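A.B. asks: All I have is the shape, not the residue letters:
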């Protein structure tokens, strides 16, 4: 762990990334100077530059919520399903991948018809929430869709001898609409309050007891639950496909989110923990840390390390931007990495290089840097990948 502190009244920054990029450190220093931040700022081993707050960042606040410290894909996360299979043929993999592409809309695509309100989150007054109510009918068609960017579906072979299915997906457009709406509101109110937080930091906030603070938290919670409902529906439909092809059975699904804020108790205080590209790693908690396309992923158990606010990385973390990857990575070399390992992959042209493994940090380094945060339970090697 590395420490950063300007000694100007800012709280300490603790980094599990040995070589964080300068932009991420500058953002962390901004966070550390916020008047409502508690105890410390934590950077996980996959940390890199984000909007306002670094991806792979964890921040505790008292009495305040910061929409940009959650991000635009509220509730985005991982789920994994262990199958009864010990082996799977290439022909079966190709059939499964083909059926997934037929039944699961990818990228910007959505279902043509509503997937049913009974599949949507319950326990929320959804139609009383300004943005959720506005986006609800659209979300009914986005439920059970993967999305684009770094979202993926993988079939994997585990070190436990079993075949696994893993999904990375989020709250689709409803989460982005909530994030954008409330960040804009926060920026406006902060200007009217003559907030001491500079606008260029992109860290506008609400008091938690403010009208819009309460509404943001309620809508954020809905989006977290919608993202889980989305992943669950995708996984349920993939399980049907896998069962139809192989007659496999399945253990209960593992799920963990990495973009959210929630009240937790740390160092004897009840604080609002913001995790942006970071996951909870409480003692005994089962989590998922994916690699990049073509590299290992991990099922882990949290160690409950208080120094990280009981958190860990959410993945490998980018080492270069999307446009930079397209400009600098060699398409044939990236394809060869995957082809040589026999992985059915999604790298076809230059536009796919933004999600090639060369655009990401080394997952083995990332895991080594957070050995005090999680124990590895299962190492998963990719067999076939579908990208959004």
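C.D. replies: Great, that's in hand. Every value quoted in this text rests on a predicted model; they were computed, and no experiment measured them.
A.B. asks: Every contact and neighbour count from this point should use C-alpha atoms.
C.D. replies: Will do.
A.B. asks: Tell me the buried residues in stretch 213-220?
C.D. replies: Within stretch 213-220, the residues that qualify as buried are 213, 215, 216, 217, 218, 219, 220, counting by 16 or more other C-alpha atoms under 10 Å.
A.B. asks: now, which of the residues you listed sits nearest residue 182?
C.D. replies: residue 216 (6.4 Å; C-alpha to C-alpha).
A.B. asks: For residue 78, which non-adjacent residue is spatially closest?
C.D. replies: Excluding its sequence neighbours, the residue lying closest to residue 78 (C-alpha to C-alpha, 6 or more residues apart in numbering) is residue 168, at 4.6 Å.
A.B. asks: Double-check that the one you found belongs to a helix.
C.D. replies: No - counting by DSSP: H, G, I helix; E, B strand; the rest coil, residue 168 falls outside a helix, being strand.
A.B. asks: Next, count neighbours for it.
C.D. replies: Other residues near residue 168 come to 23 when the count uses other C-alpha atoms under 10 Å.
A.B. asks: can you tell me which residues contact it?
C.D. replies: Shown in contact with residue 168 (C-alpha atoms under 8 Å, 6 or more residues apart in numbering): 76, 77, 78, 79, 146, 150, 151, 152, 153, 231.
A.B. asks: What is the burial count for the last one?
C.D. replies: This points to residue 231. For residue 231, the tally of surrounding residues (other C-alpha under 10 Å) stands at 28.
A.B. asks: next one: the second one
C.D. replies: Using other C-alpha under 10 Å as the criterion, residue 77 is surrounded by 28 other residues.
A.B. asks: Not including adjacent chain positions, what is the nearest residue to it?
C.D. replies: In space, residue 77 is closest to residue 257, 3.9 Å off (C-alpha to C-alpha, 6+ apart).
A.B. asks: The one you found and residue 311, how far apart?
C.D. replies: 12 Å (C-alpha to C-alpha, to the nearest Å).
A.B. asks: what do you get for residue 79?
C.D. replies: 17 Å.
A.B. asks: And the two? Which one has more around it.
C.D. replies: More crowded of residue 79 and residue 311, by other C-alpha under 10 Å: residue 311, with 28 against 21.
A.B. asks: and that one, what is it in contact with?
C.D. replies: Each residue near residue 311 by C-alpha under 8 Å, 6+ apart is listed here: 44, 58, 278, 279, 280, 281, 282, 302, 304, 305, 373.
A.B. asks: just for this protein, where's the confidence low?
C.D. replies: 6-7, 9 (pLDDT under 70).
A.B. asks: Pull out the buried residues from the helix ranked longest in it.
C.D. replies: The residue-count maximum for a helix in the chain (DSSP state H) belongs to helix 211-246. For helix 211-246, burial by neighbour count (16+ other C-alpha under 10 Å) applies to 212-213, 215-235, 237-239, 241-242, 246.
A.B. asks: wouldn't residue 356 be in contact with residue 346 here?
C.D. replies: No - using C-alpha atoms under 8 Å, residue 356 makes no contact with residue 346, being 9.0 Å away.
A.B. asks: Can you get me the centre-to-centre distance for the helix or strand hosting residue 299 and its chain?
C.D. replies: Element membership for residue 299 (DSSP states H and E) is strand 297-302. The chain centroid and the centroid of strand 297-302 are separated by 15 Å under C-alpha atoms, centre = their mean, to the nearest Å.
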